[in-house]
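1. for reference, the sequence and a predicted model appear below.
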Amino acid sequence: MALTALELVTHPRFYECIREQSRMLLGMAAQNARHASVFSTQQRWLLAHLGLSLYFERTAANPAGGLINARFLELVREYDIASRNTADSFMKGMIHYKAIRYVSDIKGKRMRPLEPSEVTLAAVGGWLAIHLSVLDRLDGGGRTAAFGADPERLLARVQPRIARGLLSSKAVREPEDTFSLFTWLNNGGIVMDSLIAGISETDPEADQVPTDVQSVADLAGRLMLSRTHLTRKLRSAEAMGSIGWTGRRGQSIMWVSRGFRQEYANAQAIKLAIIGEAFEAITGIDTPLSAALERAAG
């Protein structure tokens, strides 16, 4: 049985593992910053997962199915992710930036399906591999090896279940407090990853932990963000007590609060639990730790 979000977040190595996860995600984003920016808000990220799930559910028996704009917009309304205009603009943007394209072998149809580009599929596969490796570090499982042995087939089978889990989770769709503040910012997730990645080994219970951020201008430049917009968000987070400066603002090291780190950890635990459940449901792979916990409970 897959580990729950509570079991994950209370694991003694969880904070260490999600710091490493944030560094890996930042590294992947840096390899293709333009492509990463396409999915740079929580809303776009959820829209992308929904679209990918429709694509992967296309079958040989129903080649005209899959990612069709009308069906996509219908499900966007059903899950209440975004307005119709926002979702339609998202799809047009995906086509413009070549993240998706029309399927070439289906012509003359009113409702032509779309498919992700090779770059998009590689990015999604890398994203999944990173999260599977974190789960393996926590419980000694063999997900990474299993995925590496058959990545294309497993990605196609696992991603739709992950998407349903994410889209059905109110905690994922409607984050609160500081996490919500950043999820609506372009590259907001990368901002949070940067803050967490910049923390050195420390006591999870510490009230304030220094990061490696010394300049908002430097952080904005690294992440290709508007300095003015980022400063506004950081000051809102500062007013909430989530971040601050060890000395004079902008001339000292930034710190992050225990509350903010807990919010980040909780969000990662929920996401990882959804991914772990989906992978186990599709592959049937049980992990050593989850099996041990189940035996202990019995």
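-> Cool, the structure landed.
2. show me the shaky parts of the protein.
-> Applying pLDDT under 70 to the chain flags residues 38, 59-65, 105-110, 202, 286-298.
3. buried stuff in the top helix by length along it?
-> Taking DSSP state H as the criterion, the chain has its longest helix at helix 258-283. Residues 260-261, 263-280, 282-283 are the ones in helix 258-283 that count as buried (16 or more other CB atoms under 10 Å). Glycine gets a C-beta too; all of them are placed from N, C-alpha and C.
4. can you give me the helices in the stretch 51-200 of the chain?
-> For the stretch 51-200 of the chain, the helices defined by DSSP state H, counting those that start in this stretch cover 69-79, 84-96, 118-139, 143-149, 151-168, 170-173, 177-183, 188-197.
5. output those helices as CSV; include the columns distance to Arg232.
-> As requested, the helices of the stretch 51-200 of the chain are exported to CSV (distance: least, CB to CB, whole Å):
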stretch, distance to Arg232
helix 69-79, 28
helix 84-96, 22
helix 118-139, 29
helix 143-149, 40
helix 151-168, 28
helix 170-173, 24
helix 177-183, 10
helix 188-197, 12
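6. deepest-packed of those helices, please.
-> Per-stretch averages of neighbours, counted by mean count of other CB atoms under 10 Å, single out helix 188-197 among those, with a mean of 23.
7. who does the next helix-or-strand element following it touch, helix- and strand-wise?
-> Using DSSP states H and E, the next helix or strand after helix 188-197 towards the C-terminus is strand 208-210. The contact analysis (3 or more CB pairs under 8 Å, 6 or more residues apart in numbering; DSSP states H and E) places strand 208-210 against strand 254-257, helix 258-283.
8. what about 10 Å?
-> Contact here means 3 or more CB pairs under 10 Å, 6 or more residues apart in numbering; DSSP states H and E; on that basis strand 208-210 packs against strand 243-245, strand 254-257, helix 258-283.
9. mind listing what that strand pairs with, with the direction of each?
-> Take DSSP bridges as the rule and strand 208-210 pairs in its sheet with strand 254-257 (antiparallel).
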